[in-house]
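K.L.:
build me a model from this:
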Amino acid sequence: MQKMPSLGGLVVLICCLSVSWCSGMQRPDSASTSLPIWPFPISAQVSGLPIPLSQDFDIHPVNSNSSRLERAIARYKTWIKPAPQRLFSATGVELKTLEIILGPGSEELDASTSYAYTIRVAGESAEISADTVYGAIYGLESFSQLVVEGSVLHSSIQLFDDAKYPHRGLLVDTGRRFFPKKLVMKLLDAMSYLKMNVLHFHLSDHCRFAVQSEMFPQLTANSDGFYTPLDMFEIVAYAKERGIRVIPEFDIPGHAHGLAPLAATGDLVFCDDSHTQLCNDEANITVTTLKSLLTEMSVLFDDKLFHIGCDETGTTPRCPLSSTRSLEIELLEHMESIGKTPIGWEEVLFKSEAATPRTIVNTWKMETVAMSTKLGYESIESSLPHFYLNYPTPYGRQWTDISDGVSHDNQHLLLGGELSMWSDNYCYILQCYIPGQIPKAHWMYNRSEDATFEKSVMALMFPRAIVAAGSFWNYNARVSVDSELFVDMYQTQALRLLSREIAGCPLDCECDEASQCGRPYHHSGAE
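P.N.:
Numbers count the residues shown, from 1 in each chain. Below is the predicted model:
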């Protein structure tokens, strides 16, 4: 296994990734992979020696008064800046300005938002042009990766980039182990550095309903972790600043133990005493409550997409499959009636067969997007073997073409892919309701262990998430995951994340929920 270089090795790795500085390396026939930009851009032409940023270098918009863009520029000036002391220029030219030119695109953020951008470097000036502020932010990210110790890697650069898929997501499971708001914000930062644009927020499961409800306050009355409506507003706003959409998931009718407090009040009916699956009762108690609750939650999220789970349901005498199907259909249609486009896990189409024509199918285990798109459904790929971060699989498994098997005529139905960070192994008992079975990191469920949990879960997610981000952006079949080019790029990006305070698992060892590099995590405050 490749050993993680020191942080100071970032410069060396970036230099070796620049085609003019390390020309002996075997490469695919594409200049787009010769620059240390991740994900790989669509096209690039480069020439010339490095050009230093002048001491009075500045970034400014040319034709926009967007406050969102101004705030992005302020963030990126942390990394796009001249060296502390003036550098020698082999060409006698210094880069004095980076201009940003925006097209007519709005700041609305949805599945149709353009993230395309162009970078041009020539002489004393550079330019980022984009249709939208979000494309410009991605341009700033890519430009920041071209600047090494105060110099742009080449004096002439022509680069164009855009995402193949509109949906490039990360699922965070806070319906089991709670993710503190500060950690969520850090994950949004990391996503923005990797050009991922969807936070799939799994907000209810067996352990909790993680959002405070004014209509049903019992759901969080005794909870050790939940978000207030104000918290959700701040998270959604923080995400939007970085071009990230927040899509909530409230998992029903299975995975419903977090809704158990409403059994005692008579607001929900369950299939049995385990309180793990909701019953479509004849009096319509369950469906009436769920419609009210989902409507209340929908107001907190401005995105059109809304995930309602529909996975891993069982059958009992009280809850036959036909009853579950009817409940799911009614809820899917309700979400459409309030202006949302519903998403369900693959079972909504292939098991209960409740999917409406507008339902987006999220494949993950037994089925594939090739199957769901063949049936005419818009689809998202969350393949367990490739994209489940709670399994310590090699990062190379994430370098894959998610459109494999999808016919040419159905390519437009494939919206993109998602990584998933499930927190099952942090439950205090198995799934928070099965006694006698203790997950490996059960002791981190306690909120007093938030700091240790953050260290543990970040090491599961990063740096491996780097690779999936590339697959979702613009997979390049010409690049082998085992090639020197790919390994160097992976290490470079891991170091870049580390330099931006996104700590992960060191590349020279393995990490799981309970240990890093073979050393068990200790309780917060322990020696």
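
K.L.:
show me what contacts the residue most central in space within the chain?
P.N.:
For the chain, the residue nearest the mean C-alpha position is Leu170 (2.8 Å; C-alpha atoms, centre = their mean). Applying C-beta atoms under 8 Å, 6 or more residues apart in numbering, we find Leu170 in contact with Leu187, Met191, Met196, Val198, Leu199, His200, Glu418, Leu419, Ser420, Met421, Met461, Ala465. For every residue, glycine as well, the C-beta is placed using N, CA and C.

K.L.:
how much space separates the fifth one from Leu419?
P.N.:
Going back to what we said before, that points to Leu199. Look at Leu199 and Leu419: by C-beta to C-beta, to the nearest Å, they are 11 Å apart.

K.L.:
now go through the contacts of Leu170 and say which are in strands.
P.N.:
The strands, defined by DSSP state E, take in Val198, Leu199, His200, Glu418, Leu419, Ser420, Met421 from these.

K.L.:
got JSON lines for these, with distance to Leu262 and neighbour count too?
P.N.:
As requested, these are exported to JSON lines (distance: C-beta to C-beta, whole Å; neighbours: other C-beta atoms under 10 Å):
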{"residue": "Val198", "distance to Leu262": "29", "neighbour count": "26"}
{"residue": "Leu199", "distance to Leu262": "26", "neighbour count": "24"}
{"residue": "His200", "distance to Leu262": "24", "neighbour count": "26"}
{"residue": "Glu418", "distance to Leu262": "29", "neighbour count": "25"}
{"residue": "Leu419", "distance to Leu262": "31", "neighbour count": "26"}
{"residue": "Ser420", "distance to Leu262": "27", "neighbour count": "21"}
{"residue": "Met421", "distance to Leu262": "27", "neighbour count": "22"}
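
K.L.:
that older thread, the residue nearest to the centre of the chain: what secondary structure?
P.N.:
Put simply, Leu170 is strand when judged by DSSP: H, G, I helix; E, B strand; the rest coil.

K.L.:
from the chain's centroid, how far away is stretch 259-278?
P.N.:
Mean-position distance between stretch 259-278 and its chain equals 32 Å (C-alpha atoms, centre = their mean, to the nearest Å).

K.L.:
one more: stretch 67-86?
P.N.:
24 Å.

K.L.:
okay, how far is it across that stretch, tip to tip?
P.N.:
End-to-end span of stretch 67-86 (C-alpha to C-alpha, to the nearest Å): 31 Å.

K.L.:
so which bits of it are buried?
P.N.:
Arg68, Leu69, Ala72, Ile73, Arg75, Tyr76, Trp79, Ile80, Pro82 (16 or more other C-beta atoms under 10 Å).

K.L.:
how about Gly344, secondary structure?
P.N.:
Classification of Gly344 using three-state DSSP returns strand.

K.L.:
what number of residues lie near it?
P.N.:
Burial of Gly344 is recorded as 26 neighbouring residues (other C-beta atoms under 10 Å).

K.L.:
just give the closest residue to it, not the sequence neighbours.
P.N.:
Distances taken as C-beta to C-beta, 6 or more residues apart in numbering put Cys310 closest to Gly344, at 3.9 Å, once the chain neighbours are dropped.

K.L.:
that neighbour contacts Pro253, correct?
P.N.:
Yes. Assessed by C-beta atoms under 8 Å, Cys310 is found in contact with Pro253 at 7.4 Å.

K.L.:
now Leu262: phi and psi?
P.N.:
Leu262 adopts backbone torsions of phi -80, psi 0, taken as degrees, to the nearest 10.

K.L.:
right, and it touches Leu219 too?
P.N.:
Yes. Counting by C-beta under 8 Å, Leu262 does reach Leu219; the two are 6.9 Å apart.

K.L.:
for the residue nearest to Asp303 when sequence neighbours are not counted, give me its contacts.
P.N.:
Leaving aside its sequence neighbours, Asp303 sits nearest to Arg245 (C-beta to C-beta, 6+ apart; 4.9 Å). Residues counted as contacts of Arg245 (C-beta under 8 Å, 6+ apart) are Leu109, Asp110, Asn197, Val198, Leu199, Ala239, Asp303, Leu305.

K.L.:
top of the residues you listed by neighbour count?
P.N.:
Among the contacts of Arg245, the one with the most neighbours (other C-beta under 10 Å) is Asn197, at 28 neighbours.

K.L.:
measure it to Tyr165 for me?
P.N.:
Separation of Asn197 from Tyr165 (C-beta to C-beta): 10 Å.

K.L.:
which parts of the strand or helix carrying Ala263 are buried?
P.N.:
For Ala263, the host element (DSSP states H and E) is helix 261-264. Neighbour-count burial for helix 261-264 flags Pro261, Leu262, Ala263 (criterion: 16+ other C-beta under 10 Å).
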